[in-house]
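Participant: attaching a predicted model along with its sequence, questions to come.
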Amino acid sequence: MILTLLSLIVMVLLILTKLYDCLTTIKGIERKGCNCESNPFARILMDKIGIKATVWLIFLLVVLIAVFAEAISLFIGKVALFLYIIVGLFVSIVQYGVAHKNLTEKENLISKMVFKLYSFRIRKR
């Protein structure tokens, strides 16, 4: 029962932090332009289908993944629920950190780590 409640809370956190990220991403891009998007895949998609379409498409995908993963975890059992809670909390924290950086325009520990990850992936290609 408690794992089910926690997993539902995590699903809501995933959706709310992604919404926060989407709103602050749009605001940041309106201020600075598309080049400020550090996610290279999102930047390519923004060039192809537009900024808002990309942001809301990604939001929709996150909502679908969060709901689907929640349902699968509930079906599989306690271990899956526990893993969903752990991974979901981690993703929520990362999304919040990135959104906060978008809003304040100040780097934080999480946004620095995400930027390093993207920079590493780009350099490896």
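Facilitator: Sure, I can see it. The structure presented is a predicted model; accordingly, all values stated were derived computationally and were not measured.

Participant: what residue lies at the spatial centre of the protein?
Facilitator: Q95 (4.4 Å; Cα atoms, centre = their mean).

Participant: what helix or strand is that residue on?
Facilitator: Assigned by DSSP states H and E, Q95 belongs to helix 78-104.

Participant: which of the residues in that helix are buried?
Facilitator: 80-81, 84-85, 88, 91-92, 94-102 (16 or more other Cβ atoms under 10 Å). C-beta: built from backbone N, CA, C; applies to glycine.

Participant: where is the longest helix in this protein?
Facilitator: Assignment by DSSP state H gives helix 2-32 as the longest helix of the chain.

Participant: what about the helix holding Q95, distance to the chain center?
Facilitator: Relative to the centre of its chain, helix 78-104 is centred 8 Å away, using Cα atoms, centre = their mean, to the nearest Å.

Participant: number of nearby residues for L5?
Facilitator: Neighbours of L5 under the rule other Cβ atoms under 10 Å: 9.

Participant: ok, now F75?
Facilitator: Neighbours of F75 using other Cβ under 10 Å come to 9.

Participant: Y84 versus that one, what's the distance?
Facilitator: Relative to Y84, F75 is positioned 11 Å away (Cβ to Cβ, to the nearest Å).

Participant: repeat that for K27.
Facilitator: 30 Å.

Participant: any weak-confidence spans in the chain?
Facilitator: The chain contains residues with pLDDT under 70 at 34-35, 118-125.

Participant: ok, residues contacting stretch 104-123?
Facilitator: With contacts defined as Cβ atoms under 8 Å, 6 or more residues apart in numbering, stretch 104-123 is touched by G28, S38, N39, P40, I93, V94, Y96, G97, V98, H100, K101.

Participant: against L60, how distant is the nearest residue to the last one once chain neighbours are set aside?
Facilitator: Read that as K101. Closest residue to K101 apart from its sequence neighbours, by Cβ to Cβ, 6 or more residues apart in numbering: S111 at 3.7 Å. Separation of S111 from L60 (Cβ to Cβ): 24 Å.
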